[in-house]
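>>> Fold the following, please.
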Amino acid sequence: MDGPPGNDCCSICHCNFHIPHQANCSHWYCGNCILQVWNHGSSLRPCRCPLCRRHITLLVPSQASSQQMHNPEAYEILKKIEAYNRLFGSQSAGLSQRVQDLPFLLRRLFRELMDPQRSLPFVIKARLYLALISTAVYVLSPVDIIPEALFGILGLLDDVIIALTFFLHVGTLYRSTLLRRYGGSSN
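A predicted model of the protein is given here:
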């Protein structure tokens, strides 16, 4: 599913989605509606999601929206979304923001890996698989920084930290891919 749920509507205009975009909090909005929310507030800060109040630092168009570039209205909205992503998508976010974005990024990444019509760049796939293999080898190996045999359940702490680091790394890799794809070039 690369679009909003079929029985859903934009929570800003309460109409069917027009040029739908998914925010990094996983909520869907019309491209023009979320831009109006941003324009209504400070243009120097990312807008907040009208539903969950999280900062929106990345807007990803649905596949159908991306294919509407020939439509002048859609083209204008998509260019404004690219500008928004360039402004706020690469801002350094705190650890809590990165952890909150993980479900959105990992869900999209998994769908993209499973879809044969989409493909990630080879370098991104190679880094992803290398990180996955390294994490699996560390977690499954008997050699640990904090051995479970001596510290019991606390010994699992290093494994949890390594797994969290892996997910954060993969999320950051995929976020940078989405930014390159939907943030346009800065020239």
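>>> Export the lowest-mean-pLDDT helix or strand in the chain to PDB, keeping only CA atoms.
Ranked by mean pLDDT, DSSP states H and E, the weakest helix or strand in the chain is helix 148-151, scoring a mean of 78. Output of helix 148-151 as PDB, limited to C-alpha atoms (Å, rounded to 0.1, in the frame of the first residue of the first chain):
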ATOM      1  CA  GLU A 148      25.000 -12.900  29.900                       C
ATOM      2  CA  ALA A 149      26.700 -15.700  31.900                       C
ATOM      3  CA  LEU A 150      28.000 -13.300  34.500                       C
ATOM      4  CA  PHE A 151      25.300 -10.600  34.500                       C
END
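>>> And for it, what's in contact with it?
Counting contacts by Cβ atoms under 8 Å, 6 or more residues apart in numbering, the residues outside helix 148-151 that touch it are 155-156. Bear in mind the C-beta positions are built from the backbone N, C-alpha and C, glycine included.
>>> any idea where the strands of this protein begin and end?
Along the chain, the segments classed as strands by DSSP state E run 20-23, 28-30, 59-61.
>>> for the last one, the distance to its chain's centre please.
Distance, stretch centre to chain centre, for strand 59-61: 9 Å (Cα atoms, centre = their mean, to the nearest Å).
>>> same question, stretch 42-51
Centre-to-centre, stretch 42-51 and its host chain are 17 Å apart (Cα atoms, centre = their mean).
>>> Repeat that for stretch 148-158.
The answer for stretch 148-158 is 33 Å, by Cα atoms, centre = their mean.
>>> Same check on stretch 156-170?
19 Å.
>>> Next, the buried residues of it.
Going by neighbour count (16 or more other Cβ atoms under 10 Å), the buried part of stretch 156-170 is 158-159, 162, 166-170.
>>> same check, this time on stretch 37-52
38, 46-50.
>>> Turn the strands of the chain into a markdown table, including mean pLDDT and distance to Leu154.
Shown next, in a markdown table, are the strands of the chain (pLDDT from 0 to 100; distance: least, Cβ to Cβ, whole Å):
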| stretch | mean pLDDT | distance to Leu154 |
| --- | --- | --- |
| strand 20-23 | 94 | 38 |
| strand 28-30 | 95 | 42 |
| strand 59-61 | 92 | 39 |
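>>> what stretches of this structure score poorly on pLDDT?
The chain contains residues with pLDDT under 70 at 1, 92-93, 184-187.
>>> what packs against the longest helix along it?
Criterion DSSP state H: the longest helix present in the chain is helix 157-182. For helix 157-182, the elements it packs on are strand 59-61, helix 72-88, helix 95-114, helix 122-140, judged by 3 or more Cβ pairs under 8 Å, 6 or more residues apart in numbering; DSSP states H and E.
>>> Summarise which helices and strands the second one is packed against.
It stands for helix 72-88. Checking 3+ Cβ pairs under 8 Å, 6+ apart, helix 72-88 ends up next to helix 31-40, strand 59-61, helix 63-66, helix 157-182.
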